[in-house]
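K.L.:
the following comprises the amino acid sequence and a computationally predicted model.
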Amino acid sequence: MNNPTTERPNCMTCLHFYVTHEPAFPYGCRALGFKSTQYPAITVFTSSGMHCQLFVRKTTTKPPAAG
């Protein structure tokens, strides 16, 4: 996301988001290098007052049609 937004980005659709499988810190952000108990975008907004500026929407590709 290159331009500031007034909406909180959806971490589930971000390229940098991952699930850590650690019960204490289940969500992570590769771009910012941290793990959290909340979605990273919420943590970023809470600590900085700004929505995440490193959000990159995942691109999805459809598998080739069978047959």
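P.N.:
Arrived safely. Numbering: from 1, shown residues only.
K.L.:
which ones are touching the most centrally placed residue in the chain?
P.N.:
The residue lying closest to the centre of the chain (CA atoms, centre = their mean) is residue 11, at 3.1 Å. Taking CB atoms under 8 Å, 6 or more residues apart in numbering, we find residue 11 in contact with 17, 27, 29, 39-41. For every residue, glycine as well, the C-beta is placed using N, CA and C.
K.L.:
switch to 7 Å and redo it
P.N.:
17, 27, 39-41 (CB atoms under 7 Å, 6 or more residues apart in numbering).
K.L.:
now it: phi and psi?
P.N.:
Backbone torsions of residue 11, given as degrees, to the nearest 10, read phi -60, psi -30.
K.L.:
tell me how far it lies from residue 19.
P.N.:
To residue 19, residue 11 is 10 Å away according to CB to CB, to the nearest Å.
K.L.:
for the two, list the residues in contact with both.
P.N.:
residue 27.
K.L.:
for residue 23, see how far away the residue nearest to the centre of the chain is.
P.N.:
Residue 11 is 18 Å from residue 23, by CB to CB.
K.L.:
again with residue 62
P.N.:
Taken as CB to CB, the span from residue 62 to residue 23 is 34 Å.
K.L.:
out of the contacts of residue 11, grab the one that's most surrounded.
P.N.:
residue 40 (25 neighbours; other CB atoms under 10 Å).
K.L.:
so what does the residue nearest to it when sequence neighbours are not counted have for phi and psi?
P.N.:
Counting by CB to CB, 6 or more residues apart in numbering, residue 29 is the residue found nearest to residue 40 once chain neighbours are left out, at 3.8 Å. Main-chain torsions, residue 29, degrees, to the nearest 10: phi -130, psi 120.
K.L.:
try residue 17
P.N.:
phi -80, psi 140.
K.L.:
pretty sure it sits against residue 29.
P.N.:
Yes. Residue 17 is within contact range of residue 29, at 6.3 Å (criterion: CB atoms under 7 Å).
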